[in-house]
Structure formats: C-alpha cells, structure tokens
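Peer 1: From the sequence below, what's the structure:
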Amino acid sequence: MSSWRIARIAVGILMTPFLLLALGWASLAVWFDGPSSRAPAGVLAGGFLVTAVGILALIRPLRRGLVLLGALWLLVLGWWLHIPPRNDRDWQPDVARLPSMTRNGDLAILHDVRDFDYRSETDFTEHWQDRTYDLSRVRGVDMFVSYWGPTLIAHTIMSWEFDDGRHLAISIETRKEKGETYSALRGFFRQYELYYVVADERDVVRLRTNDRGEQVFLYRLRSSQAQARAALESYLSEVDHISRIPEWYNAFTHNCTTTIRGHVQNAGVHNPWNWRILANGKGDELLYSRGLINTSLPFAEVRARSDITAKAKAADRDPEFSERIRAGLLPRPLDE
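Peer 2: Alright, predicted model coming up:
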C-alpha cells in the first residue's frame, strides 16, 4: 500500500468523528429549532440525515460528495444563525420582567431588581424594585458557586459589595417560558433567551440553598476597586442592552461562566482560557491557582470555609442575610 493511500485513510479516520458530530448537530438543530410541531420537525431532521447518508454513499468521487455535504451543512447553519431571539414570549413569573438601567453620572438606577419572598421554589410573592447604586462606592466583588449534582458543573453568580454594606447580585441564566424546563442538550441550540437576574442576594442565593437544596460556596475575589467597578459597568451595560435587544443563551459559548469571562476581560483583567471555565464546577480551583481568592490556607480548607449553605439556611429571610452568610469567611485578598 502506497504512503499516499495510507495518508488518505488516516485523514478519513481522523475526519470521521468531526463529520459525525457536524451531522448530528445539524439534525438536532432542525429537530429542536425547526417547526414547533414535532411531526414536521422529525420529518425534516430525518430527511436531513437520509440526504446526508445518501450523498456519502452515492456521490463519487468522495470529495465531491463531501463538498455537497458541506454545502448542505452550511445551509442549515445559515438558517440556524438567523433565528431571531424574542422578548415577547409568555414567560415564567420569575423572569417575566427584564431589568434595565438609567444612568446619571456615577448613579445607576436599576429597574426591576428582583427581591422575591420564597416559600418554595414555585410558591413566592413577587417584589420587583427600582434601586439606585452609586458606582463610585463599589468596594469589591464576590463569586458564588452553586452545585446541584455532578461537581464538574456548577452555577456561578457574581455579587458586588458597596461601602454602605449593600450587595448587588447578578446571575446569568436562561429565560424560560411557562411550562418550560431547562435541558442541558437543548441549551446548545436556539431554545432559551439569555437572562440576567439582577437581584438581592436574599432572593437569588437563598432560592438555591433553602428551596432548591443546592450547595453554595462564596469566594471573595482579589480585584482593585476600579476593576470591580469596571466589571459591574460591563454587566449593567449588557443588562440594559438585552432589555431592548434580546440575545440567545448557549450552553457552550454564552453561559453563566463563559459570559463572565467576557465581562472580566472588558474590565481590563487578563483571564486566559482554561478548561475549568467550561467545567465550571472546578472554577474555584482555577481561581485559587491564579491567586484570585484567598490562598493563605490549602485549597481544601479554603473551600470548606467558603461553604455558606448552612449559614444561608439559618439566615433565611433575615434582612441581614448578606452579612450573616459572610460571617467567618476568609478575608478578601489584597490587590497588588
């Protein structure tokens, strides 16, 4: 067998997983994001796969078939990229309102800040508030990491501390319609609009610890006041933007952690890519290795000291919720 033929076989073997992945993604895109009626969507998704297999089996030479298949895939991709997100769906009550901002110098007037009174995850009294924050009084920024299952995956929430003792939490989530639940697989497609929960910590953190039974850790981040403010301004700019122009959530490219990385970089903080940004349940390990959280103790001890689950359950509806969950935490590392 010639070296050229061996090389062609090797290339074919290497390309096969990528080809299968591309075809699988395209058929699922048609299934999830095509017609809302399942029967037509199934016909179209199945038709795509049958056509793709037919091209590979019947068109010769093979490179011509691959060109045709590539054109078909690009056609699906072009359609998918042009599916518009919307702000006018029948939303679940906890995401029914879009927060927005009015800016007046250092003052940010935030509209529709969420501060619900939860009796359970589905039983609550709605409180939407307008709150004013003086951005010149930002003192620092913290990160909550919340686990509900496998430890490789978590949900991250950022919270800003002001010198008057107040805290403002922002959680990047999916905006779900009534009757809709979150699916990790569907999260890779055009199924959920992006939503920034701008909230009191007693809402967005207590909901996870007290009502959903999640385990939550709180880390004080090393940053200058200027960096903390810049990150908050980046967040609030996006909050106001999507109140007017909706965006899609994506579990790979536009999720609760990869989006944070963009905001941090907008604040002028170097944040190189690392696999733990995707496997965000290991994000606290990444923060520790980069010296962005307190490193005065071994990581296991830092993590144990950062578990605020029991404190949040005990604080419950206490107006001093934010102060109580921070009792006993390691101090914020000084920015050098």
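Peer 1: Now do the domain split for this structure, please.
Peer 2: Per automatic domain parsing, the structural domains of the chain span 3-81, 93-325.
Peer 1: host element of residue 285?
Peer 2: Using DSSP states H and E, residue 285 maps to helix 283-289.
Peer 1: Can you name every helix or strand that that helix contacts?
Peer 2: Applying 3 or more CB pairs under 8 Å, 6 or more residues apart in numbering; DSSP states H and E, one finds that helix 283-289 contacts strand 138-147, strand 215-220, helix 275-278, helix 299-306. All C-beta spots, glycine's among them, are computed from the backbone N, C-alpha and C.
Peer 1: Nearest to residue 72 among the ones you listed would be which one?
Peer 2: helix 275-278 (29.1 Å; CB to CB).
Peer 1: Only C-alpha atoms, please: export that closest one in PDB.
Peer 2: C-alpha atoms of helix 275-278 as PDB (Å, rounded to 0.1, in the frame of the first residue of the first chain):
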ATOM      1  CA  TRP A 275     -10.700  24.000  30.500                       C
ATOM      2  CA  ARG A 276     -12.100  24.800  34.000                       C
ATOM      3  CA  ILE A 277     -14.000  27.700  32.500                       C
ATOM      4  CA  LEU A 278     -16.200  25.100  30.800                       C
END
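Peer 1: what helices or strands is it leaning on?
Peer 2: Helix 275-278 packs on helix 258-266, helix 283-289, going by 3+ CB pairs under 8 Å, 6+ apart.
Peer 1: Mind putting the helices and strands packed on helix 283-289 into JSON lines with distance to residue 116 and mean neighbour count?
Peer 2: Below are these laid out as JSON lines (distance: least, CB to CB, whole Å; neighbours: other CB atoms under 10 Å):
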{"stretch": "strand 138-147", "distance to residue 116": "17", "mean neighbour count": "22"}
{"stretch": "strand 215-220", "distance to residue 116": "17", "mean neighbour count": "22"}
{"stretch": "helix 275-278", "distance to residue 116": "30", "mean neighbour count": "14"}
{"stretch": "helix 299-306", "distance to residue 116": "25", "mean neighbour count": "15"}
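Peer 1: out of the ones you listed, nearest to residue 318?
Peer 2: Closest of those to residue 318 is strand 215-220, at 16.0 Å (criterion: CB to CB).
Peer 1: Strand 138-147 and the next helix or strand after that closest one, what's the angle between them?
Peer 2: Heading C-terminal from strand 215-220, the first helix or strand you meet, by DSSP H and E, is helix 225-244. Angle between the axes of helix 225-244 and strand 138-147 is 60 degrees (criterion: axes from the mean of the first three to the mean of the last three CA atoms, to 10 degrees).
Peer 1: What lies in contact with helix 225-244?
Peer 2: 87, 98-101, 108, 110, 135-136, 138-141, 158, 160, 168, 170, 194-196, 198, 223, 262-264, 266-269, 335 (CB atoms under 8 Å, 6 or more residues apart in numbering).
Peer 1: Now the buried members of those.
Peer 2: The neighbour count (16 or more other CB atoms under 10 Å) marks 98-101, 108, 110, 135, 138, 140-141, 158, 160, 168, 170, 194-196, 198, 223, 263-264, 267, 269 as buried among these.
Peer 1: Are we agreed that residue 50 is in a helix?
Peer 2: Yes - membership of residue 50 in a helix is supported by DSSP: H, G, I helix; E, B strand; the rest coil.
Peer 1: Per-residue pLDDT of it, please?
Peer 2: At residue 50, the model reports a pLDDT of 88.
Peer 1: Kindly tell me how buried it is, as a neighbour count.
Peer 2: A total of 11 residues lie near residue 50 under the criterion other CB atoms under 10 Å.
Peer 1: now it: how far from residue 58?
Peer 2: According to CB to CB, to the nearest Å, residue 50 and residue 58 sit 12 Å apart.
Peer 1: Quick check: nearest residue in space to the residue positioned nearest the centre of the chain, chain neighbours excluded?
Peer 2: Geometric centre of the chain, nearest residue: residue 256, 1.8 Å, by CA atoms, centre = their mean. Residue nearest to residue 256 in three dimensions, not counting chain neighbours: residue 172, with 4.5 Å by CB to CB, 6 or more residues apart in numbering.
Peer 1: do residue 330 as well
Peer 2: Distances taken as CB to CB, 6+ apart put residue 294 closest to residue 330, at 4.0 Å, once the chain neighbours are dropped.
Peer 1: and what of residue 142?
Peer 2: Of all residues not flanking residue 142 in the chain, residue 159 sits nearest, at 4.8 Å (CB to CB, 6+ apart).
Peer 1: Now do the same for the one you found: helix, strand or coil?
Peer 2: With three-state DSSP as the basis, residue 159 sits in strand.
Peer 1: That one reaches residue 145, doesn't it?
Peer 2: No - contact criterion CB atoms under 8 Å: residue 159 and residue 145 do not qualify, at 11.7 Å.
Peer 1: Then residue 172 would be within a helix, right?
Peer 2: No - counting by three-state DSSP, residue 172 is located in no helix; its state is strand.
Peer 1: In this structure, what helix or strand scores lowest on average pLDDT?
Peer 2: helix 3-33 (a mean of 75; mean pLDDT, DSSP states H and E).
Peer 1: Brilliant, that's me finished.
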